[in-house]
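Enquirer: Here is the input, now give the coordinates:
(4 chains)
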Number of protein chains: 4
Amino acid sequence: MTLRFGLLGAGRIGKVHAGAVSSSVGAKLVAVADALPEAAEAIARAHGAEVRAVDAIMNARDIDAVLITTPTDVHADMIEQAARAKKAIFCEKPIDLSIERVRRCLDVVAAEKAPLMIGFNRRFDPNFREVRARIDAGAIGEVEMVSITSRDPAPPPVGYIKRSGGLFRDMTIHDFDMAAFLLGEDPISVFAAASNLVDPAIGEAGDVDSASLILKTRTGKIAQISNSRRATYGYDQRIEAHGSKGMVAAENLRESTVEVANASGYLRDPLLNFFMTRYTQAYANEIAAFVEAVAGGRAMSPSGEDGLKALAMADAALKSLKDGREVEIAY
Amino acid sequence: MTLRFGLLGAGRIGKVHAGAVSSSVGAKLVAVADALPEAAEAIARAHGAEVRAVDAIMNARDIDAVLITTPTDVHADMIEQAARAKKAIFCEKPIDLSIERVRRCLDVVAAEKAPLMIGFNRRFDPNFREVRARIDAGAIGEVEMVSITSRDPAPPPVGYIKRSGGLFRDMTIHDFDMAAFLLGEDPISVFAAASNLVDPAIGEAGDVDSASLILKTRTGKIAQISNSRRATYGYDQRIEAHGSKGMVAAENLRESTVEVANASGYLRDPLLNFFMTRYTQAYANEIAAFVEAVAGGRAMSPSGEDGLKALAMADAALKSLKDGREVEIAY
Amino acid sequence: MTLRFGLLGAGRIGKVHAGAVSSSVGAKLVAVADALPEAAEAIARAHGAEVRAVDAIMNARDIDAVLITTPTDVHADMIEQAARAKKAIFCEKPIDLSIERVRRCLDVVAAEKAPLMIGFNRRFDPNFREVRARIDAGAIGEVEMVSITSRDPAPPPVGYIKRSGGLFRDMTIHDFDMAAFLLGEDPISVFAAASNLVDPAIGEAGDVDSASLILKTRTGKIAQISNSRRATYGYDQRIEAHGSKGMVAAENLRESTVEVANASGYLRDPLLNFFMTRYTQAYANEIAAFVEAVAGGRAMSPSGEDGLKALAMADAALKSLKDGREVEIAY
Amino acid sequence: MTLRFGLLGAGRIGKVHAGAVSSSVGAKLVAVADALPEAAEAIARAHGAEVRAVDAIMNARDIDAVLITTPTDVHADMIEQAARAKKAIFCEKPIDLSIERVRRCLDVVAAEKAPLMIGFNRRFDPNFREVRARIDAGAIGEVEMVSITSRDPAPPPVGYIKRSGGLFRDMTIHDFDMAAFLLGEDPISVFAAASNLVDPAIGEAGDVDSASLILKTRTGKIAQISNSRRATYGYDQRIEAHGSKGMVAAENLRESTVEVANASGYLRDPLLNFFMTRYTQAYANEIAAFVEAVAGGRAMSPSGEDGLKALAMADAALKSLKDGREVEIAY
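Expert: Numbers count the residues shown, from 1 in each chain, chains lettered A, B, ... in the order given. The predicted structure is shown next:
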């Protein structure tokens, strides 16, 4: 049986997922919708799919699953529509910037028993996955402290930042999900410190660009996150978990393994610089996991609830930043 | 314009190249031939191609290029037939185990002006390519000494070894080509030392399994090669070039970047263990380079002459091993 | 001119400093005092010095400088006595567990214009020093975020912990000083999260053993510290500074550079496991720097004020832990 | 009991050994001789020793052992004189440039039953020692192939090269000894390839500056050596042993563990650049081992025979270079 997909949103990330669908065994891209017909057309042509309107995709008999890669503000509406139309749903993070809206959306999803996966792609990075697998295999005993370093090569345009919901909801949200993934427990509180150091325009837009956060779980496990909107040496994505019996860490990825040595020293490549290159394999694995879970009738992971949790952490972090204190996370 | 391929030989490596053709822009697999019809059928089906007989492929109007991935003993015949049929030709190494046969074959290729590329896949490994690019960019000045470490994870079956032409023609041949590629000059002499240390059955079959070789060029550049048919820690493939201004090296590839630390120490993954996994990207790049060269009417590299040269080095190495002295390479 | 030393306290660290004095050019150990005469005797004999009483050392005409390596509770008294006796003073951290006592002590030091250096040895670690030097040379532009990982191999005896002033005053105090050293600015606030995960007996003694802290400066620079009283893989001491133009980091030290590879992977040594081995060179450099500063009449660094600041951070961290909020540091 | 030393030769390396004696427990420097009285005087003063004539040291009752660090051409004479005077003898490599002279010298040593250690300092490098220890512990099974990379930062003055006996006797001799040390068996044959690439003046002086060598043992084990008189990135000293069960390697040493990252990449320090800095610990361990062996009446290692063997390998390598063939080593 082949899972037939409709793609809602033909932007940059839509294109990546379309490619992942086409190269997944047991999956096929049937239709593409986008406000820009040329964008939809380009992806459709590349994958032997049709251009259709959103409603046509939602109601199509020849479509089993939708990929929601539109701008964030219509995610929740589309999830609800797709859930009512009995589609399996893959939606990019976040579900919505408003946690109340997310809750209502997930109520619909639950009522319709719709399978919903949220695009926290980093869980599918082969190295990060392996870190989780080593923890599960007992390699470090009980996890005690998690460290996440997550820095973008350069800040997005200020226009984007203004609509993004802010650093915590836009960028740190991935790290919140990763922290929960590695801790193996939901954080119950968060403290956030943050500054505007990279670009004054970001501060003028009311946001921060450099942050350090601490999460704690009920059993006392601790995660720390280091964020920056700029890293001259590339897309810095490292994780480390320290436990009762040892430590496990995953390193960054580089363009090559080449090293040049001379009187200045030994020079290795900077890091892969672009999230799509850095997480190519993660994006492919993510769609493959979605296809398998739908095919096997298995529970989705990361689920809509995981999406809700990460947003709740972001909201609590924002409150912490304002109040200068540790804030309990309201799931 | 799309380059239309016929695949001659539907074995393990044929399957890899078929995949590379299908995912190359401007290339298409049209037909597959193999002595085992099921093998040809499986690849044809997977890529929307047909099964045809060898002669049918050679003479087909709808086929522009052939991929020769049959057993070695028919390579030269097929190259000649394809050359006369005006096909562009990609052939796996070696052209033949007999250098006389190779010479005659290349004469036909020259007479027919047929484009011929030999499958020295390692030249297309992104890391090794980058080493060459850094040398070309002047990063280490004049190349003086090249070191190649090339060890297989485990020996092939003795049955294979008996027909292989021996370690130098079967395995070291890749390293001979890499040495020439990195030195930027043809070696003029070779010395080989070798032993049977890995498996007595290899020695009984008249071959060696552990070797160290030295090549020299006319200007005094030196390359050393270290070979073993066994490496418990994976497929060990390293290169290093030392020059007047510095050094450049490419490291091995691993399953993941994960490291686990405990009282025993810090443990990283063993190396990728299988040549197809290790050189996945190299195989893809190789076919893409062939397609581009044919499309652009550019000279082939590595060429048939490169195939001849590597074999000449192997033959000289065998003579060196027998005579216990440095042997001049007869190109 | 030779700087003549009296050593007050013939314990483990006293022995290290005695050795550093003896091998410093321009320094000489003249006398040793300790409540245990045998301990004093052993060190004195090894370095050609005499055993004397504390008062005798304080008042000696043939002694220019004292090294205070007694238990913490007499540090402040001894500093004051030595200051009044016009000695140059090197004192192990902390000056006292009570910040009020430290202030009074530093008032005496100031009144007497006594040169006072505090033993934050890590500033003298060659690697950490080099990190600071690279920052000073502009290698990373403006420092924005500092990360310090500081984990002991194993917790000290609970008896020690009870008298230690707690994790922040005993262990993190080094990291507070390092944070200030790397930030190049005094932190103005601190947040601390901490747990008792390593040994329940530590919790019963009223202390924590696992902590994550965040410090902020007036200009918005951020430092994060990760502490644990246990690391199975050795004494984990890493620093990283991220700035507007790049990043600089110093790695851990190992027993050897040896790596063993087999089917399990590539295994490097665990970390140096003992603070005296890990910081051997730092201890030697520290005493050499003290000798040079006294000889050259230069200001002491780290100074008594640096000792006060680190303690103020520790006190604020304790308050933060109790109150669950960011606490302003009262210097 | 304290081993009382006389130092013969107050040059650069004599100074290093004098320091090692002074800081060895159970050893003491009593007297120093040198053709330059000021040189002898400087070392004597620094270590509380006297200046004496060579004969006076040889015949002194208050001296148990001599350190021979004179120019090579008097090594053998001094060893014989010291052996007859019943001194324990430490002599820098090589014993002599003429293997016949070495043989006669060792005959005298044997007849006098004099303890003689040759200064192959690299065996005492902590990392290289650890490699040997891991092999002994079975970490890699049977050793099969050894790789030694040994490159000097820059060539010595041509004047030195002219008197040095050539690259193989002067520089490679250390690697010959290391090869035997790691193989655990005496090589029986050698092949050498070499060029003059670094500096034409070296070639004009009749020597080579870049070389690659292969050694073989009776059981078929193979060692390869890569030498250059120049490495822009520092003093390159690496070893690797590949065996039936795995591989063990020791890496180079650097000034610091610091790494700086920016848009150019990740830059680590060049290598330690000077043999005395690189092998500081080796020189100290070497003298300590000599003192312990004399004190314990144990056999010397590396022995005079080890010195002879390394020279025999060098002589055979020279012959190989001239004849272009593998040469049997005549021990």
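Enquirer: Tell me both backbone torsions, phi and psi, for the residue nearest the centre of chain A.
Expert: Geometric centre of chain A, nearest residue: A:Phe120, 2.8 Å, by Cα atoms, centre = their mean. Per-residue torsions, A:Phe120: phi -90, psi 80 (degrees, to the nearest 10).
Enquirer: was I right about it contacting A:Glu92?
Expert: No. Using Cβ atoms under 8 Å as the test, A:Phe120 is too far from A:Glu92 to be in contact (9.6 Å). All C-beta atoms are positioned from the backbone trio N, CA, C, and that covers glycine.
Enquirer: how about the helices of the stretch 151-300 of chain A, start to end?
Expert: Assigned by DSSP state H, counting those that start in this stretch, the stretch 151-300 of chain A shows helices spanning A:158-163, A:167, A:173-183, A:200-204, A:275-278, A:280-296.
Enquirer: right, and the ones you listed - which one's nearest chain D?
Expert: helix A:275-278 (15.6 Å; Cβ to the nearest Cβ).
Enquirer: Pull out the buried positions in the closest one.
Expert: Judged by neighbour count (16 or more other Cβ atoms under 10 Å in any protein chain shown), helix A:275-278 contains these buried residues: A:275, A:278.
Enquirer: How about the residues of the stretch 201-331 of chain A by chain C?
Expert: Residues of the stretch 201-331 of chain A lying near chain C by Cβ under 8 Å from any Cβ of the partner chain: A:210-212, A:214, A:216, A:220-224, A:226, A:228, A:230-233, A:236, A:242, A:244-247, A:323-326.
Enquirer: which strands and helices sit next to the helix or strand of chain A with the lowest mean pLDDT?
Expert: Every helix and strand in chain A was compared by mean pLDDT, DSSP states H and E; the lowest is helix A:275-278, with a mean of 88. Using 3 or more Cβ pairs under 8 Å, 6 or more residues apart in numbering or on different chains; DSSP states H and E, no helix or strand is in contact with helix A:275-278.
Enquirer: who's in contact with A:Leu167?
Expert: Contact analysis of A:Leu167 by Cβ atoms under 8 Å, 6 or more residues apart in numbering or on different chains lists A:194, A:207-209, A:211, A:227, A:229.
Enquirer: dump the residue contacts of A:Ala31.
Expert: Applying Cβ under 8 Å, 6+ apart, the residues near A:Ala31 are A:6-7, A:44, A:49-52, A:56-57, A:60, A:63.
Enquirer: Buried ones from the residues you listed, can you make that a PyMOL selection?
Expert: A single PyMOL command selects the buried members of the contacts of A:Ala31 (16+ other Cβ under 10 Å):
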select buried, chain A and resi 6+7+44+49+50+51+52+57+60+63
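Enquirer: Same list (the contacts of A:Ala31) but as TSV, adding distance to A:Leu272, secondary structure and pLDDT.
Expert: Shown next, in TSV, are the contacts of A:Ala31 (distance: Cβ to Cβ, whole Å; DSSP: H, G, I helix; E, B strand; the rest coil; pLDDT from 0 to 100):
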residue	distance to A:Leu272	secondary structure	pLDDT
A:Gly6	31	strand	98
A:Leu7	26	strand	98
A:Ala44	29	helix	97
A:Ala49	29	coil	97
A:Glu50	34	strand	97
A:Val51	33	strand	98
A:Arg52	35	coil	98
A:Ala56	38	helix	98
A:Ile57	33	helix	98
A:Ala60	37	coil	97
A:Ile63	34	coil	98
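Enquirer: from the contacts of A:Ala31, which single one is nearest chain C?
Expert: Of all these, A:Leu7 has the smallest distance to chain C: 37.6 Å, by Cβ to the nearest Cβ.
Enquirer: From chain D, how far out is the closest one?
Expert: To chain D, A:Leu7 is 35 Å away according to Cβ to the nearest Cβ, to the nearest Å.
Enquirer: what about burial for the residues of the stretch 201-331 of chain A next to chain C, which qualify?
Expert: Buried among these (16+ other Cβ under 10 Å): A:210-212, A:214, A:216, A:220-224, A:226, A:228, A:230-233, A:236, A:242, A:246-247, A:324-326.
Enquirer: Let me know whether stretch A:10-25 sits next to chain B.
Expert: No. Shown here: stretch A:10-25 not in contact with chain B (Cβ under 8 Å from any Cβ), separated by at least 8.6 Å.
Enquirer: List every C-alpha atom in that stretch, with coordinates, as CSV.
Expert: In CSV, the C-alpha atoms belonging to stretch A:10-25 read as follows (Å, rounded to 0.1, in the frame of the first residue of the first chain):
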residue,chain,number,x,y,z
ALA,A,10,5.2,25.0,-1.5
GLY,A,11,7.9,27.0,0.2
ARG,A,12,11.5,26.0,1.0
ILE,A,13,10.6,23.4,3.6
GLY,A,14,7.7,22.1,1.5
LYS,A,15,10.1,21.4,-1.2
VAL,A,16,12.3,19.4,1.2
HIS,A,17,9.4,17.3,2.4
ALA,A,18,8.2,16.7,-1.2
GLY,A,19,11.6,15.3,-2.0
ALA,A,20,11.5,13.1,1.1
VAL,A,21,8.0,11.8,0.2
SER,A,22,9.2,10.9,-3.3
SER,A,23,12.2,9.0,-2.2
SER,A,24,10.3,7.2,0.6
VAL,A,25,9.3,3.6,-0.2
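Enquirer: Mind checking which of the buried ones among the residues of the stretch 201-331 of chain A next to chain C are in strands?
Expert: Applying DSSP state E to those, the entries found in strands are A:210-212, A:214, A:216, A:222-224, A:226, A:228, A:236, A:242, A:247.
Enquirer: Pull the contacting residues for A:Ala223.
Expert: The contact partners of A:Ala223, by Cβ under 8 Å, 6+ apart, come to A:145-148, A:179, A:182-183, A:187, A:214-216, C:212.
Enquirer: change it to 7 Å
Expert: Taking Cβ atoms under 7 Å, 6 or more residues apart in numbering or on different chains, we find A:Ala223 in contact with A:146, A:148, A:179, A:183, A:187, A:215.
Enquirer: Near the nearest residue to A:Asp199 once chain neighbours are set aside, how many other residues are there?
Expert: If the residues on either side of it in the chain are set aside, A:Asp199 comes closest to A:Pro155, at 5.7 Å by Cβ to Cβ, 6 or more residues apart in numbering or on different chains. Residues lying near A:Pro155 (other Cβ atoms under 10 Å in any protein chain shown) number 19.
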